[in-house]
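In: 3D, please:
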Amino acid sequence: MNKAPFSRSLGDRSMFSGDLPHVAFLRSLLNPTVILATLAACLAIYRVKVDGHYLMLAVLTFFVSSQLFERIDLFQLRPQQLIVRAMRDILFAWPLTVGIIAFLIWATHYDRIFDAPAIVTWFVITPIPLVLAHLLAHGVLRVWARSPAHHRRVVMIGASELSLRLAETISSDPLLGVHIRGFFDDRHPRRLPNLGKYRVNGTIDDAAQFVRDNNINLVFVSLPMVAQPRVINLLNELRDTTASIYFVPDVFAFDLIQARFDEIDGMPVVAVCETPYSGVNALLKRWFDIVVTLCGLAVIWPLLLATAIAVKVTSPGPVIFKQRRYGLDGREITVWKFRSMRVTEDGAVVKQATRNDSRITPLGAFLRKSSIDELPQLFNVLAGSMSLVGPRPHAVAHNEQFRGLISGYMLRHKVQPGITGWAQVNGYRGETETIEKMRARVEHDLYYLRNWTLSLDLWIIVKTFLVLFRDKNAY
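Out: Predicted structure coming up:
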């Protein structure tokens, strides 16, 4: 699986586009501005008189949309990725914004004040101008960035796989306006990696003079930690230039999970393994789980009742099967399922279900195939021990078996386990009879941790329904 970029690192194109004022402005204000402009247009079309109530609605909308659209950074994307991601992310964030605004309007009884046709029209059509605005902004910025006057000249100190990867990343996006002027390294050319189209301009001692003579804007220092004295000398020499200087720590040697820079009482620290649910993200994730779960239970409670009765009358034993599994931070939780087997194993040894397993009841086979047996876990979600989306929890016995065989296995527990997950919608549902299959499942789980967003959660839920009855691994 591909590793996600280091959050707020030099490998993240948004960092360099973000220090351009026009890009920073568009990233933070484009979505709320378009949303409010669409509201104003709808009010004008319906000839609604704007008073203090609508101004309050505008302020509320600006605040809510700013928060919910904050993680949507479409300016990192190349043109071929833009339309699909824009539709996916906007079609997730806008309905959530609408839901919050509609609830507040209803709770404060302002639904009697606002013009219903104008507000409904605004709710329905806003995603269209949002997508178009992003396409237009991308086009304008890319034309702007192609101008030689806006190019930024860059040199790389230290020729390594990391610095080469960084050069390829930042030079591939015309939005950044970056021109790589070369590398500097002390080693013999035979000891250097293949730099392809880039050249070595000299040794590290030559770098400061080259920066001065060529009006270099950005210098990236990618030297090993053991070269600290050389780095200090180089930084002292570069003080006589106007170039911006970035140090590129080689943290990519680690298996990064939500890595980011942080600060503790003024001291810089680097997180290399952290949960994606921190700060506001934790609240958004929890609210998303609760709202969607309650809506789901309101719809499917007759199915839950009918299934419980069917399990009880078709085979002896309890309706609900409870099993100990590992949850967040490796803490033990109890997961609930409709019983689908004649046994209720939860000991030191738990045998996975296999094809044509004699332990599975006739009704249980259907419940497992359709995943109806998992529905009681919605109550685990409400209790907070599970999430709708996340790595599937394994029996404690299986955890103890695989944690010693698969590197990074326990990192799955940096988040709450889920009813469905990225591995399950990519073909790794059901029995994992080989270590290779379990390793692939774990890799997909770690990919989810590195790339988590609420829109990814929504996509996994949608994809779960798409693959549910086509999955041949469920039995």
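
In: Quote the end-to-end distance of stretch 364-375.
Out: Stretch 364-375 stretches 13 Å from its first residue to its last (Cα to Cα, to the nearest Å).

In: can you pull the buried residues of it?
Out: Taking 16 or more other Cβ atoms under 10 Å as the neighbour-count basis, stretch 364-375 is seen to contain the buried residues 364-365, 367-369, 371-375. For every residue, glycine as well, the C-beta is placed using N, CA and C.

In: Need these in TSV (columns: secondary structure, pLDDT and distance to residue 52).
Out: Below are the buried residues of stretch 364-375 laid out as TSV (DSSP: H, G, I helix; E, B strand; the rest coil; pLDDT from 0 to 100; distance: Cβ to Cβ, whole Å):
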residue	secondary structure	pLDDT	distance to residue 52
364	helix	81	60
365	helix	84	62
367	helix	85	55
368	helix	83	57
369	helix	81	57
371	coil	84	50
372	helix	89	51
373	helix	89	54
374	helix	90	49
375	coil	92	47
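
In: Give the helix, strand or coil label for residue 322.
Out: strand (DSSP: H, G, I helix; E, B strand; the rest coil).

In: looking at it, it is touching residue 339, isn't it?
Out: No: assessed by Cβ atoms under 8 Å, residue 322 is found out of contact with residue 339, at 9.4 Å.

In: which of these two has more neighbours?
Out: Applying other Cβ atoms under 10 Å to residue 322 and residue 339 shows that residue 339 carries more neighbours, namely 23 against 14.

In: Give the closest residue to that one in space, chain neighbours not counted.
Out: residue 321 (4.1 Å; Cβ to Cβ, 6 or more residues apart in numbering).

In: same thing with residue 184?
Out: Here the residue nearest residue 184, using Cβ to Cβ, 6+ apart, is residue 207, at 4.3 Å.

In: burial count for that neighbour?
Out: Look at residue 207: counted by other Cβ under 10 Å, it has 26 neighbours.

In: Quickly find the element holding it.
Out: Element membership for residue 207, per DSSP states H and E: helix 207-213.

In: Please save the CA atoms from the helix or strand following that helix in PDB.
Out: Next in sequence after helix 207-213, counting helices and strands by DSSP H and E, comes strand 218-221. The C-alpha trace of strand 218-221 is given here as PDB (Å, rounded to 0.1, in the frame of the first residue of the first chain):
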ATOM      1  CA  LEU A 218      14.000  27.800  -1.700                       C
ATOM      2  CA  VAL A 219      16.700  25.500  -0.300                       C
ATOM      3  CA  PHE A 220      15.900  22.000   0.900                       C
ATOM      4  CA  VAL A 221      18.500  20.400   3.200                       C
END
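
In: Mind giving me the packing neighbours of the helix or strand following strand 218-221?
Out: Remark: after strand 218-221, the chain's next helix or strand is helix 228-238, criterion DSSP H and E. Judged by 3 or more Cβ pairs under 8 Å, 6 or more residues apart in numbering; DSSP states H and E, helix 228-238 is in contact with helix 207-213, strand 218-221, strand 244-247.

In: Which secondary structure elements does the last one sit against?
Out: Applying 3+ Cβ pairs under 8 Å, 6+ apart, one finds that strand 244-247 contacts strand 218-221, helix 228-238.

In: Point out the most buried one among those.
Out: With neighbours taken as mean count of other Cβ atoms under 10 Å, the helices and strands packed on strand 244-247 reach their highest mean count in strand 218-221, at a mean of 23.

In: starting at the chain centroid, how far to it?
Out: 28 Å (Cα atoms, centre = their mean, to the nearest Å).

In: in the stretch 101-250 of the chain, which spans are helices?
Out: Secondary structure of the stretch 101-250 of the chain, counting by DSSP state H, counting those that start in this stretch: helices at 116-125, 127-145, 161-171, 207-213, 228-238.

In: Checking residue 337 next. Helix, strand or coil?
Out: strand.

In: beta partners of it?
Out: Beta bridges link residue 337 to residue 321 when assigned by DSSP bridges.

In: Give me the distance between it and residue 320.
Out: Residue 337 is 7 Å from residue 320, where distance means Cβ to Cβ, to the nearest Å.
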